[in-house]
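Trainee: need a 3D model of the sequence below.
(2 chains)
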Amino acid sequence: MTKTLLILGGGTAGTMAANRLAQELDLNEWRIVVVDQERTHYYQPGFLFLPFDLYKKQDVVKPRRDFFLPGVEFVLSEIDVIEPDRNRVRIRADGGRYISYDFLIIATGTSPRPEETPGMKDGGLWYRDIFDFYTLEGALRLTRRLRTWEGGRLVLNIVEMPIKCPVAPLEFIFLADWYLRENGLREKTEIVYVTPLPGAFTKPRASSVLGHMLEERGIQLVTDYYIERVDPQRKVIVSYDEREEPFDLLVTIPLNKGSDVIARSGMGDELNYVPTDKYTLRSQQFENVFVLGDATNVPTSKAGSVAHFMVDAFVPNFLRYIEGQELLPTFDGHANCYIETGFGRGLLIDFNYDVEPLPGKFPLPGLGPFSLLQESVVNHWGKMLFRTLYWHVLMKGRRLPMPAQMMMAGKWA
Amino acid sequence: MPVRTIGSLQVEVDGEGYLVNPQDWTPEIAKAFAQEEGIALTDRHWEVINFVRKFYEENGQSPTIRQITVGAGIPTKDLFKLFPGGPAKKVARIAGVPKPAGCI
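Mentor: Reported below is the predicted structural model:
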């Protein structure tokens, strides 16, 4: 009898998992189904580059259907509800039908929710003086706004952690500093980085390096700041402890929440993330449900690189599991992020649950070594090259020549 | 790790003054740490402290601001008034649990 592996979400994690398993499972015995509500696959790391004219729209969008290998069935539909007690999912297409599964992978991601902060989306300034850049529309509208920028107070605010790609706000601010200098507007622009974290970043060594880089560039840092609301009349943001930051242009990283289908199915925590075993990536509640990518509540970054390492750790484990063997605790929280710093340079951080980002060298056969926690031109090209690797290697179910687990080799501890 | 004396107790603390071993915690330690933060503990503070300790016991990690407000049913604004500056960090220290990881 055929078994069904159902994958909810055809983004970075879901697509990689589907294509890797399509090569590993016997497709005479297995049916692999992916459900996603959107036709388009976005290269989300590229959104950051749009406002600074470094990428164009066509660099970051492709039809989702093109990425699935033969043997993967793609269903374009919204997901209504997951019924894990009955091993089935109701989708909204075709008048609302059920798909039953033997194993389920939840890869429904996370998304920005500007409507959760009073005055942000409903105050009349949305996409006039307030923008996000984690959506294609937000990034493109911000591109147009920056073209007419004549100076003033540019405030970047992170509403609440955790957020998707936690280094992108810093990259945005570094790129803005560079872009405004190139365009002769930096002296007319005050740049302010307003974060709920106690420093530029959370992990101590990286926070200190990055905090220093903000200082060098004359970027103000406001910490421990929890925004309560936007006052659109006065163009200020107000924190819960009544601190105000005026803005001419507000770039917001809104509250991030997991998919509403997780809430509708009663499977999430207070931010709709699914309680997940941090080493095996299996649901804490259901033995035949796994969670990959941003949809989990595991304490590591929500980022494409993490999704990639999760899939690398998960695939061999899943193959063992369906043969009746125990799951191994193979996922270590590994994350690997290029941080674009402007002027054609970047830095790279590599860390996991236990080891914070450290300086040193990161070996990668054929491409590296890259400098860790230090700016270099090679790191910038690593980031630029990554788009090609993403579309043509990772999303096609091929592997990069690197292990899923973090290595200490090259790091100065 | 430095050792501190609070009343008749000797406890280990880390570089930022957080208890190294959450099981060393006593209400006296909470009062002493709160005083250092300039906070006089009321019943409302204790509700939050007790919630944070329970959360840590059940989850093995310290709660975020949202986990406190949702879990203890306290408005965010009130939480900031009770523990000014950084409520999650401050209440964690007073409750004797690790500094919240603020995962990245």
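Trainee: contact partners of the lowest-mean-pLDDT helix or strand in chain B?
Mentor: Ranking every helix and strand in chain B by mean pLDDT, DSSP states H and E puts strand B:3-6 at the bottom, with a mean of 88. With contact meaning C-beta atoms under 8 Å, 6 or more residues apart in numbering or on different chains, strand B:3-6 is reached by B:10-13, B:28-29, B:32. Using the backbone N, CA and C atoms, a C-beta is placed for each residue, glycine as well.
Trainee: report the buried residues of it.
Mentor: B:Ile6 (16 or more other C-beta atoms under 10 Å in any protein chain shown).
Trainee: can you check stretch A:341-357 too?
Mentor: Result for stretch A:341-357 [16+ other C-beta under 10 Å]: buried residues A:341-342, A:345-353, A:355-357.
Trainee: next one: stretch A:248-262
Mentor: Buried, per 16+ other C-beta under 10 Å, within stretch A:248-262: A:249-259, A:261-262.
Trainee: could you find the closest non-adjacent residue to residue 40?
Mentor: Because you didn't say which chain, this covers chain A. A:Val61 (5.3 Å; C-beta to C-beta, 6 or more residues apart in numbering or on different chains).
Trainee: my question was about chain B, not that one.
Mentor: Spatially, and ignoring its direct neighbours in sequence, B:Ala40 is nearest to B:Ala34 (7.2 Å; C-beta to C-beta, 6+ apart).
Trainee: what do you get for A:Gly119?
Mentor: Excluding the flanking residues, the one nearest A:Gly119 by C-beta to C-beta, 6+ apart is A:Val230, at 3.6 Å.
Trainee: count of neighbours near the one you found?
Mentor: Applying other C-beta atoms under 10 Å in any protein chain shown, we find 27 other residues in the vicinity of A:Val230.
Trainee: now do the SS call for it.
Mentor: Three-state assignment for A:Val230 (DSSP: H, G, I helix; E, B strand; the rest coil): strand.
Trainee: where does chain B have low pLDDT?
Mentor: For chain B, the stretches flagged by pLDDT under 70 are B:102-104.
Trainee: quick revisit: how much space between the residue nearest to B:Ala40 and B:Val48?
Mentor: 11 Å (C-beta to C-beta, to the nearest Å).
Trainee: neighbour count winner among the two?
Mentor: Shown here are B:Ala34 and B:Val48; by other C-beta under 10 Å, B:Val48 has more neighbours (24 against 20).
Trainee: residues contacting the spatially closest residue to A:Asp269 that is not a sequence neighbour?
Mentor: With C-beta to C-beta, 6+ apart as the criterion, A:Asp269 has its nearest non-adjacent residue at 5.6 Å, and that residue is A:Asn297. By C-beta under 8 Å, 6+ apart, the contact list for A:Asn297 reads A:269, A:273-276.
Trainee: just the pLDDT for A:Asn297.
Mentor: At A:Asn297, the predicted lDDT confidence score is 95.
Trainee: tell me the buried residues in the helix or strand following the least confident helix or strand of chain B?
Mentor: Using DSSP states H and E, the helix or strand that follows strand B:3-6 in sequence is strand B:9-12. Within strand B:9-12, the residues scored as buried using 16+ other C-beta under 10 Å are B:Val11.
Trainee: quick one: list the elements packing against strand B:9-12.
Mentor: Here strand B:9-12 touches strand B:3-6, helix B:27-36, going by 3 or more C-beta pairs under 8 Å, 6 or more residues apart in numbering or on different chains; DSSP states H and E.
Trainee: export the longest one to PDB, keeping only CA atoms.
Mentor: Yep, that's helix B:27-36 we're talking about. The C-alpha trace of helix B:27-36 is given here as PDB (Å, rounded to 0.1, in the frame of the first residue of the first chain):
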ATOM      1  CA  PRO B  27      12.400  34.600  48.600                       C
ATOM      2  CA  GLU B  28      15.100  36.400  50.600                       C
ATOM      3  CA  ILE B  29      17.300  36.400  47.500                       C
ATOM      4  CA  ALA B  30      14.500  37.800  45.400                       C
ATOM      5  CA  LYS B  31      14.000  40.600  47.900                       C
ATOM      6  CA  ALA B  32      17.800  41.400  48.000                       C
ATOM      7  CA  PHE B  33      18.100  41.400  44.200                       C
ATOM      8  CA  ALA B  34      14.900  43.500  43.800                       C
ATOM      9  CA  GLN B  35      16.300  46.000  46.200                       C
ATOM     10  CA  GLU B  36      19.500  46.300  44.100                       C
END
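Trainee: which residues sit against whichever helix or strand comes after it?
Mentor: Downstream of helix B:27-36, the next assigned helix or strand under DSSP H and E is helix B:43-59. Residues outside helix B:43-59 that contact it (C-beta under 8 Å, 6+ apart): B:22, B:25, B:30, B:34, B:39, B:41, B:62-63, B:67-68, B:71-72, B:74, B:78-79, B:82-83, B:91-92, B:94-98.
Trainee: just to revisit the earlier point, partner strands of the least confident helix or strand of chain B and their direction?
Mentor: Strand B:3-6 has its sheet partners listed here by DSSP bridges as strand B:9-12 (antiparallel).
Trainee: doesn't A:Leu373 make contact with A:Val209?
Mentor: Yes: look at A:Val209 against A:Leu373 with C-beta atoms under 8 Å: they come within range, at 5.6 Å.
Trainee: those two - which one has more neighbours?
Mentor: A:Leu373 (23 against 19).
Trainee: ok, now which ones touch that one?
Mentor: Contacts of A:Leu373 were listed using C-beta under 8 Å, 6+ apart, and they are A:205-206, A:209, A:347-349, A:357-360.
Trainee: let's see that with 6 Å instead.
Mentor: A:209, A:349, A:357, A:359 (C-beta atoms under 6 Å, 6 or more residues apart in numbering or on different chains).
Trainee: so what pairs up with the closest residue to the third one other than its chain neighbours in the strands?
Mentor: Closest residue to A:Pro357 in three dimensions, ignoring its sequence neighbours and counting by C-beta to C-beta, 6+ apart: A:Ile349, at 3.8 Å. Here A:Ile349 sits in beta bridges with A:Cys337, going by DSSP bridges.
Trainee: pLDDT score for A:Ile349?
Mentor: In this model, A:Ile349 is scored at 91, pLDDT.
Trainee: so it touches A:Cys337, yeah?
Mentor: Yes: under the criterion of C-beta atoms under 6 Å, A:Ile349 makes contact with A:Cys337 at 5.4 Å.
Trainee: ok, and the closest non-adjacent residue to the one residue in the stretch 1-150 of chain A that gets nearest to chain B?
Mentor: Closest residue of the stretch 1-150 of chain A to chain B, C-beta to the nearest C-beta: A:Glu116 (10.9 Å). Nearest non-adjacent residue to A:Glu116, counting by C-beta to C-beta, 6+ apart: A:Leu255, 4.5 Å away.
Trainee: next, that neighbour: phi, psi?
Mentor: phi -50, psi 130 (degrees, to the nearest 10).
Trainee: so what's it up against?
Mentor: Contact partners of A:Leu255, counting by C-beta under 6 Å, 6+ apart, are A:113, A:116, A:159-160.
Trainee: same check on A:Ser265?
Mentor: By C-beta under 6 Å, 6+ apart, the contact set of A:Ser265 is A:81-82.
Trainee: how far away is it from A:Val274?
Mentor: Using C-beta to C-beta, A:Ser265 is found at 9 Å from A:Val274.
Trainee: so which bits of chain A are right by chain B?
Mentor: Residues of chain A lying close to chain B by C-beta under 6 Å from any C-beta of the partner chain are A:161-162, A:166, A:197, A:202, A:224, A:240-241, A:270, A:299, A:301.
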